[in-house]
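Trainee: Pasted the sequence and its predicted model underneath.
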Amino acid sequence: MPDREAEINGGVVVYEFVGPDDGEVVVITPGGRFSKDVGGLHELAGALAEGGKRVLLWDRPNCGKSDVQLYGRSESHMRAETLGLLLRQLGVDHVLVAGGSGGARDSIVFTMMWPGLVRKLAVWSIVGGTFSTMTLAGVYVLNELRVVRSEGIEGVLKMSGPAGGWADLVAANPRNRERLLDLGTDGFERAMNRWLDAFVPKPNEPIPGVSDWEFEGIKVPTLIIRGGERDFDHPKRTSMEVHSLIAGSRLIEPPWPEDAWERALEASFAGTGNLFDPWVLAAPVLLDFFKEV
């Protein structure tokens with residue numbers, strides 16, 4: 001299906017549907033600042049579509065072809081608000097929510113913020129713990145703060161990176177240059193300072209920017225795929241912590257090898273594969289979970 005656009009909170013969000021028009025909608029959200037077109041994502045969407053689902057893939061704000069947006073308590077909270085408003089605009093009354101890595105965090109926050117829209121939640125490769133949380137501070141915020149403080153917003157416009165940088169967002173969507181310039185050096189720095197708080201490790205936050213008590217708000221059936229044994233970016237411990245905090249959730253063994261993330265990273269860096277290639281292996285367990293009454 002071709003890309004479609006919707007305006008949410010003054011910014012364009014690019015999205016597409018995969019699968020039959022009459023299928024129940026599944027929203028898939030990836031990690032990083034990767035677009036919906038990142039390798040591995042359409043393969044998972046296609047497998048779910050073959051199972052009768054209508055899959056919504058979307059470029060979150062600050063990803064792919066969508067407009068840059070910088071507001072809210074954290075980037076995940078901003079994206080969760082955007083997704084809820086997008087679904088309302090599309091007339092979708094309920095969804096099955098699925099996400100991995102940063103997309104797991106976005107999906108969890110979305111379920112907390114829009115409980116009436118979610119029928120079931122499935123997440124995997126959940127970021128948490130000191131190492132991975134501090135790593136994300138470097139990926140998403142700290143370099144931005146260094147650059148904006150030394151070079152201003154013009155320096156930010158030159159930033160690029162493997163997980164998607166601001167220069168890449170401008171290349172994919174030229175509107176983003178003016179949007180960043182309009183925000184300006186001070187506005188960008190204020191947003192980064194605010195978003196940094198989510199990535200300061202705290203003992204009461206099993207995942208970045210989300211406190212223990214907030215998980216009580218998740219009342220829907222939830223499937224959690226356990227993190228790999230030595231996946232330091234998405235620790236096994238974190239998936240077990242989230243499982244313990246969501247009443248009635250189910251924790252299952254990963255449908256991919258224990259070192260799938262590490263091998264996918266290597267393949268991505270070598271140009272022989274994609275970071276999210278293993279995710280298609282989750283399609284059978286996701287479809288089974290979604291079919292349960």
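Mentor: In hand now; what should we look at?

Trainee: how many neighbours does the residue nearest to residue 126 when sequence neighbours are not counted have?
Mentor: Leaving aside its chain neighbours, residue 126 sits nearest to residue 104 (4.5 Å; criterion: C-beta to C-beta, 6 or more residues apart in numbering). Quick note: C-beta positions are derived from backbone N, CA and C, even for glycine. Applying other C-beta atoms under 10 Å, we find 32 residues neighbouring residue 104.

Trainee: my read is residue 104 is in a helix, agree?
Mentor: Yes - assessed with DSSP: H, G, I helix; E, B strand; the rest coil, residue 104 lies in a helix.

Trainee: ok, it touching residue 125?
Mentor: Yes - using C-beta atoms under 8 Å, residue 104 is in contact with residue 125, at 6.2 Å.

Trainee: any shared contact partners between the two?
Mentor: Between them, residue 104 and residue 125 share these contacting residues under C-beta atoms under 8 Å, 6 or more residues apart in numbering: residue 31.

Trainee: And for residue 15, the neighbour number?
Mentor: Count around residue 15 with other C-beta under 10 Å applied: 22.

Trainee: again, but for residue 90
Mentor: When neighbours are counted by other C-beta under 10 Å, residue 90 registers 14.

Trainee: Please name the spatially closest residue to it (chain neighbours excluded).
Mentor: Using C-beta to C-beta, 6+ apart and skipping the chain neighbours, the partner closest in space to residue 90 is residue 6 (7.2 Å).

Trainee: for residue 209, same thing?
Mentor: Using C-beta to C-beta, 6+ apart, the closest residue to residue 209 is residue 198 (3.0 Å).

Trainee: for that neighbour, what are its contacts?
Mentor: 73, 74, 75, 76, 208, 209.

Trainee: run the last query once more with 10 Å
Mentor: By C-beta atoms under 10 Å, 6 or more residues apart in numbering, the residues touching residue 198 are 73-77, 105, 133, 136-137, 140-141, 205, 207-210.

Trainee: Would you show me how to pick out the buried ones of those in ChimeraX?
Mentor: Applying 16 or more other C-beta atoms under 10 Å to the contacts of residue 198, the buried members can be selected in ChimeraX as follows:
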select :74,75,76,77,105,133,136,137,140,141,205,207,208,209,210
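
Trainee: Okay, and which of the contacts of residue 198 map to helices?
Mentor: Using DSSP state H, the members of these that fall in helices are 75, 76, 77, 105, 133, 136, 137.

Trainee: Considering those residues, which is situated nearest to residue 62?
Mentor: Nearest to residue 62 out of the ones in helices among the contacts of residue 198 is residue 75 (C-beta to C-beta; 6.9 Å).

Trainee: related to what we said a few turns ago, distance to residue 254 and pLDDT for the ones in helices among the contacts of residue 198 - can I get that in JSON lines?
Mentor: Output for the ones in helices among the contacts of residue 198, formatted as JSON lines (distance: C-beta to C-beta, whole Å; pLDDT from 0 to 100):
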{"residue": "75", "distance to residue 254": "26", "pLDDT": "97"}
{"residue": "76", "distance to residue 254": "23", "pLDDT": "97"}
{"residue": "77", "distance to residue 254": "28", "pLDDT": "98"}
{"residue": "105", "distance to residue 254": "18", "pLDDT": "98"}
{"residue": "133", "distance to residue 254": "21", "pLDDT": "96"}
{"residue": "136", "distance to residue 254": "21", "pLDDT": "95"}
{"residue": "137", "distance to residue 254": "26", "pLDDT": "96"}
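
Trainee: With that, I have no additional questions.
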